[in-house]
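Asker: next comes the sequence, and after it the predicted model I'd like to discuss.
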Amino acid sequence: MSLVIAEQLHKTYQTGETEVEALKGVSFSIEPGSFVSFVGPSGSGKTTLLNLIGCLDRPSAGSLHVNGIDVSALDRRQGAAFRGDHVGFIFQDFNLLPVLTVYENIEYPLLMVQQIPARDRAERILRLLKAVGMLDQKDKYPDQISGGQKQRVSVARALVTNPRLVLADEPTANLDHQTAYQVIELMKNMRDEFNTTFIFSTHDQKIVGEAEIIYTLEDGLLAGCQVKGGHGNGKPA
């Protein structure tokens, strides 16, 4: 069963007296374990689409199913609960809390959305810290580590709730060339280990080159789908 199914997805924003149609009837499906990139120029609808999949916004028309749930029908409270249980996020500016240590930043989603005993939390966090190569940095604060290390922490934080899906909006935009490749490789390794689906919104050709499925958006429309193989298969519908 497909993890994400979008059918004739529309999104219109009201800006003053002007309506902006960000998505104009986009249809596609994404299988579990995929490494997928949505590409296109600024304003093509990439970030809007990620926001809809992650229940940060609701479509104006069409249907969107994620992990078997019609998320287009969820209200704000239900959407927040769904995100906490099923979706992890990675941001280009890391979004780490400066007053928390590396360990505490990774722990934070568990404290906010899931009732997990302290011993189980610690076991899960330490395993992820080791997986992303940050175990020896666990007691440092965000301003004491590099940009690449911050993004490694972001990857661990995104995975700590054991989500089926991770959404990454321009995750390598603030990283140098070598560090960006290291983070991309890390995310692929995490996909292989945890069978998590990764969906990217990006301009970065390094991510596009590593993606197994590439959807191209232009002016709110799906202009193409390239499948290069891997765990899952993308299908424009």
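Answerer: Right, received. Where do you want to start? Numbers count the residues shown, from 1 in each chain.

Asker: in the protein, where is pLDDT below threshold?
Answerer: Scanning the chain for pLDDT under 70 picks out the ranges 114, 229-237.

Asker: let's see 80
Answerer: Filtered on pLDDT under 80, the chain yields the residue ranges 113-115, 229-237.

Asker: what about the residue positioned nearest the centre of it, distance to Thr197?
Answerer: Nearest to the geometric centre of the chain sits Leu167, at 0.8 Å (C-alpha atoms, centre = their mean). Leu167 is 9 Å from Thr197, where distance means C-beta to C-beta, to the nearest Å. Bear in mind the C-beta positions are built from the backbone N, C-alpha and C, glycine included.

Asker: same check on Glu21?
Answerer: 27 Å.

Asker: comparing the two, which shows the higher neighbour count?
Answerer: Shown here are Glu21 and Thr197; by other C-beta atoms under 10 Å, Thr197 has more neighbours (24 against 15).

Asker: for the more buried one, what are its contacts?
Answerer: 3-4, 30-36, 164-166, 191, 232 (C-beta atoms under 8 Å, 6 or more residues apart in numbering).

Asker: could you single out the nearest of these to Gly62?
Answerer: Val4 (13.0 Å; C-beta to C-beta).

Asker: what about the spatially closest residue to that closest one that is not a sequence neighbour, neighbour count?
Answerer: Spatial nearest neighbour of Val4, chain neighbours left out: Ile30 (4.2 Å); criterion: C-beta to C-beta, 6 or more residues apart in numbering. Ile30: 23 surrounding residues under other C-beta under 10 Å.

Asker: repeat that for Pro41.
Answerer: Count around Pro41 with other C-beta under 10 Å applied: 11.

Asker: same deal with Met112?
Answerer: The number of residues packed near Met112 is 10, by other C-beta under 10 Å.

Asker: ok, it - contacts?
Answerer: Here Met112 is in contact with Gly84 (criterion: C-beta under 8 Å, 6+ apart).

Asker: how near is it to Phe38?
Answerer: Met112 is 27 Å from Phe38, by C-beta to C-beta.

Asker: among the contacts of Thr197, which are in strands?
Answerer: Mapping the contacts of Thr197 onto strands (DSSP state E) picks out 4, 30, 35-36, 165-166.

Asker: can I assume Gln92 is in contact with Asn174?
Answerer: Yes: with contact defined as C-beta atoms under 8 Å, Gln92 reaches Asn174; the gap is 5.7 Å.

Asker: wait, isn't Val227 in contact with Ile213?
Answerer: Yes: counting by C-beta under 8 Å, Val227 touches Ile213, with 5.4 Å between them.

Asker: and those two? Which one has more around it.
Answerer: Ile213 (24 against 17).
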